[in-house]
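Q: Have a look at this prediction, sequence included:
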Amino acid sequence: MITIRTLATGSTGNCYHISDSKTSLLLECGIKFKTIQQALNFQTSNVAGVLVSHEHKDHCKAVQDVADRGLDIYMSQGTADAIGIQHHRIRPANCKEAFKIGTWTVLPFDVQHDAAEPLGFLIANQDGDKLLFATDTYYIKYKFSGLTHLMIECNYSQKILENNVENGRIPEFLKNRVMQSHFSLENLLVFLNSNDLSRVQEIHLLHLSDSNSNEIEFKHAVQVATGKLVYVA
């Protein structure tokens, strides 16, 4: 059984904790390490590894502190180079090359974001659970089978974004940046419809925009489209 806990999500910082009761992982470390410690009741030594998707600060803010505290951190070489970190705790994560962390098998895959070498992660355990983690991408070109859990970005809706531009709440250039770097509700629904969700137990919607999203609307839309249990992080 997979348990999922959101420590932080959104543009101010992202960090998630997952466990299969045997091995615990952190997905992203975009908040202060002290905050991570407090959220985990100072049991960070129980964390077997940290996966970092890309170099933007809201996903990697605590990388140095996490590494200095003895936790292994997995990221692409492009992400490590963009962060500018060299540390013996940094482990390479290569696209489509699986690796193990305790009872988890992690398969990185490429995503589409304005970053050096961003990754999503397909994370499976020995009990047959399979979790998809994908954030900060405007498109996912792969299809997945046997998923039991999804942690996936649903940053904005096209309708809300266009209304905000028309009303002068956000400039045109920002709209273009959002569309070229983040997953919209519309694209998420297409992605979900293209994948086998027969075993899915939970869908967790991540990284909602403060100004370009509607939590109630997004949750309802995904529930209607999938018939699955949906949480908004």
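A: Received it, and whenever you're ready, just let me know what you need. Residues are numbered from 1 along each chain as shown.
Q: Centre-most residue in this structure?
A: Central residue of the chain (Cα atoms, centre = their mean): T135, 3.9 Å from the mean position.
Q: What pLDDT is listed against that residue?
A: Listed pLDDT for T135 reads 97.
Q: Tell me which stretches of this structure form helices.
A: Along the chain, counting by DSSP state H, helices occupy 33-39, 57-60, 63-68, 77-83, 158-166, 172-179, 185-194, 215-226.
Q: possible to save those helices as TSV with distance to T103, mean pLDDT and mean neighbour count?
A: Yep, even glycine has a C-beta here, placed from its N, CA and C like the rest. Shown next, in TSV, are the helices of the chain (distance: least, Cβ to Cβ, whole Å; pLDDT from 0 to 100; neighbours: other Cβ atoms under 10 Å):
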stretch	distance to T103	mean pLDDT	mean neighbour count
helix 33-39	22	97	16
helix 57-60	24	98	21
helix 63-68	21	98	19
helix 77-83	25	98	19
helix 158-166	40	94	16
helix 172-179	37	91	13
helix 185-194	27	98	17
helix 215-226	27	98	15
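Q: So what touches the helix or strand of the chain with the lowest mean pLDDT?
A: Within the chain, no helix or strand scores below helix 172-179, which has a mean of 91 by mean pLDDT, DSSP states H and E. The contact list for helix 172-179 (Cβ atoms under 8 Å, 6 or more residues apart in numbering) reads 114, 138, 155-156, 161-162, 164-165, 209, 212.
Q: From what I see, C95 and M75 are in contact.
A: No - judged on Cβ atoms under 8 Å, C95 makes no contact with M75 at a distance of 11.7 Å.
Q: what do these two both touch?
A: The contact sets of C95 and M75 overlap at L119 (Cβ under 8 Å, 6+ apart).
Q: Neighbour count for the two, which is higher?
A: Looking at C95 and M75 with other Cβ atoms under 10 Å, you find the greater number of neighbours at M75, namely 28 against 14.
Q: thinking again about what came up before, would you check which pair of the contacts of helix 172-179 lies furthest apart?
A: Within the contacts of helix 172-179, two members stand farthest from each other by Cβ to Cβ: D114 and E162, at 20.7 Å.
Q: ok so, going back, and the least confident helix or strand of the chain, how far out from the chain middle?
A: 21 Å (Cα atoms, centre = their mean, to the nearest Å).
Q: Run a quick neighbour tally on I170.
A: 18.
Q: Over to L122?
A: Quick note: L122 (other Cβ under 10 Å) scores 20 neighbours.
Q: who touches it in this structure?
A: Contacts of L122 (Cβ under 8 Å, 6+ apart): 106-107, 109, 130-133, 144.
Q: So for it, what pLDDT did the model give?
A: 98.
Q: If it is in a bridge, with which residues?
A: L107, L132 (DSSP bridges).
Q: and it, how far is that from V200?
A: L122 sits at a distance of 14 Å from V200 (criterion: Cβ to Cβ, to the nearest Å).
Q: now Q64, nearest residue through space, not along the chain?
A: Closest residue to Q64 apart from its sequence neighbours, by Cβ to Cβ, 6 or more residues apart in numbering: I85 at 6.4 Å.
Q: on that earlier part again, turn the contacts of L122 into a markdown table, columns for distance to L150 and neighbour count.
A: Below are the contacts of L122 laid out as a markdown table (distance: Cβ to Cβ, whole Å; neighbours: other Cβ atoms under 10 Å):
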| residue | distance to L150 | neighbour count |
| --- | --- | --- |
| V106 | 16 | 21 |
| L107 | 15 | 19 |
| F109 | 14 | 16 |
| K130 | 10 | 21 |
| L131 | 7 | 24 |
| L132 | 5 | 24 |
| F133 | 8 | 25 |
| F144 | 9 | 18 |
